[in-house]
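Undergrad: Have a look at this prediction, sequence included:
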Amino acid sequence: MTTQSDDLLAELRHAGQLGGLHAVVAVRGGQPLLEFYGTGEDFAWGDSLGVVEFGPEVLHDLRSVTKSVTGLLYGIALGEGLVPPPEEPLLRRFPQYPDLAADPRRARLTVEHALTMSLGLEWREDLPYDSPANAEIAMELAPDRYRYILERPILDPPGTRWAYCGGATALLGRLIADGTGQALPQYAQSVLFAPLGIGSVEWMTGADGVASAASGLRLTPLDLARLGGLVLGEGVWDGRRIVPADWIHAMLRPRRETSWGARYGYQWYIESVAGHRVLAAMGNGGQRLFVLPDLDLTVAVTAGNYDDPDQWRTPLAVLERVILPTAV
């Protein structure tokens, strides 16, 4: 842990510019750069946990960072030949919905459209996550989450526009579960978490008992940083290949532009911060995993600013004003 990063973090916290910050773990070149744990109110998928004293072994909601983990799992399963390639028609893997497959517009949907969140279906997640009008909440409450997703009204031709969609990730989770014959958490434990040395994990489930591929994962910040190290190593951890290299490259190739100007690959964001290429996983409340290949740097941030429109400010300030001045 470096004195400079400690001091910068303390200054910004004292100035009230890191509101809601719960933890930061930064690793450069495999060595710890900063490890910070605070105290604050927290929630587990909306259920209050009260005031929590965070530490190395305390799990934290990752919210939509889970989507990027699902992206990694899809690549592992694809490498094992257990899930369809991106170009395959999506509804071919959902034969239980012949009425939807009969719609020529929906028949155009491919796995890649789910991977890149460009399904073209109506999906509103800009509403509060405690509202049943929010599409992800409605999906979790639906008797058949996959029909709920796939029968949404069509707004755009598939592949033409990026639109944030937890339903797209839920479809990927189902493809993984079907192809591997295991529930998503069990598959993740065997092929991803155990090889990384991640032991303590929770994966929240919906009303149907299915683990949420889009937002249900809870990890420690240290273990979240391990996932960043895996991406930094292009799928290799401690000399062992866990994710196929070609998938890492495909996953992180910019394919769509988001509504705020970032680029999007397969369930991962690609941005530029202070001139550095940043690979990012993002979750509600200020959950972030930043990977900066040119600096051999990974940064995990957890925070409690759930549903706050300015939730992005705290993790970005940590990266720009605490970590980068120390790492560059």
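TA: Right, received. Where do you want to start?
Undergrad: domains in the protein, as residue ranges please.
TA: Using automatic domain parsing, the domains assigned to the chain come out as 3-61+219-327, 69-178.
Undergrad: what is the mean pLDDT for the first one?
TA: This points to domain 3-61+219-327. Domain 3-61+219-327 carries an average pLDDT of 97.
Undergrad: hmm, back to that, I'd like the domains of the chain laid out as JSON lines, including distance to Gln189 and mean neighbour count.
TA: In short, each C-beta sits where N, CA and C put it, glycine included. Shown next, in JSON lines, are those (distance: least, Cβ to Cβ, whole Å; neighbours: other Cβ atoms under 10 Å):
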{"stretch": "domain 3-61+219-327", "distance to Gln189": "12", "mean neighbour count": "19"}
{"stretch": "domain 69-178", "distance to Gln189": "11", "mean neighbour count": "18"}
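Undergrad: which one of those lies closest to Pro185?
TA: domain 69-178 (9.8 Å; Cβ to Cβ).
Undergrad: and the closest one, how far apart are its ends?
TA: Domain 69-178 has its terminal residues 18 Å apart, counting by Cα to Cα, to the nearest Å.
Undergrad: One more: stretch 317-328?
TA: End-to-end span of stretch 317-328 (Cα to Cα): 15 Å.
Undergrad: before we move on, back to that, quick one: closest of the domains of the chain to Ala211.
TA: Judged by Cβ to Cβ, the one of these that comes nearest to Ala211 is domain 69-178, at 7.2 Å.
Undergrad: Run through the residues that contact the residue lying closest to Pro89 once chain neighbours are set aside.
TA: Distances taken as Cβ to Cβ, 6 or more residues apart in numbering place Thr110 nearest to Pro89, at 5.9 Å, with adjacent residues excluded. Thr110 makes contact with Pro86, Glu87, Glu88, Pro89, Leu90, Pro158, Gly159, according to Cβ atoms under 8 Å, 6 or more residues apart in numbering.
Undergrad: re the thing from before, could you dump the domains of the chain to JSON lines with distance to Gly206?
TA: Below are the domains of the chain laid out as JSON lines (distance: least, Cβ to Cβ, whole Å):
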{"stretch": "domain 3-61+219-327", "distance to Gly206": "10"}
{"stretch": "domain 69-178", "distance to Gly206": "4"}
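Undergrad: Out of these, flag the one nearest Gly209.
TA: From these, taking Cβ to Cβ, the stretch that ends up closest is domain 69-178, at 10.8 Å.
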